[in-house]
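Trainee: model the following, please.
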Amino acid sequence: MNAFDRNLDGQATVHYGDGEYVVLKPGRFVVCAVSAKRIPLEALRYWSPALQEAYFGPEEALARWKETNPQP
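Mentor: From the prediction side, this is the model:
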């Protein structure tokens, strides 16, 4: 996928792996699972392979981690 591909308007469908992701359906962005902000694919740096969700930044990633890993 590159900037010259067609049908890049809208939300992409992505499979998140360890250290990389695979675009299943082309698009320009994904949506943060915590803040609902749009994340351009070229700016996507934070995601969870276990939960299959993207995060806008480190604050959102940490918030979700704390939510899913409660401390005693």
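
Trainee: give the buried residues for whichever strand or helix holds residue 63.
Mentor: Residue 63 is part of helix 58-68 when elements are defined by DSSP states H and E. Within helix 58-68, the residues scored as buried using 16 or more other CB atoms under 10 Å are 60, 61, 64. In short, each C-beta sits where N, CA and C put it, glycine included.

Trainee: the second one and residue 46 touch, don't they?
Mentor: Yes. The pair residue 61 / residue 46 is scored as a contact, 4.3 Å apart, by CB atoms under 8 Å.

Trainee: joint contacts of the two?
Mentor: Common contact partners of residue 61 and residue 46 (CB atoms under 8 Å, 6 or more residues apart in numbering): residue 55.

Trainee: what stretches of this structure score poorly on pLDDT?
Mentor: By pLDDT under 70, the low-scoring segments of the chain are 1-8.

Trainee: again, 90 this time
Mentor: 1-9, 70-72 (pLDDT under 90).

Trainee: from the centroid of it, which residue is nearest?
Mentor: The chain has residue 54 as the residue nearest its centroid, 2.5 Å off, counting by CA atoms, centre = their mean.

Trainee: who are the packing partners of the helix or strand harbouring that one?
Mentor: Element membership of residue 54 [criterion: DSSP H and E] is strand 53-55. Counting by 3 or more CB pairs under 8 Å, 6 or more residues apart in numbering; DSSP states H and E, the packing neighbours recorded for strand 53-55 are strand 13-16, strand 46-48, helix 58-68.
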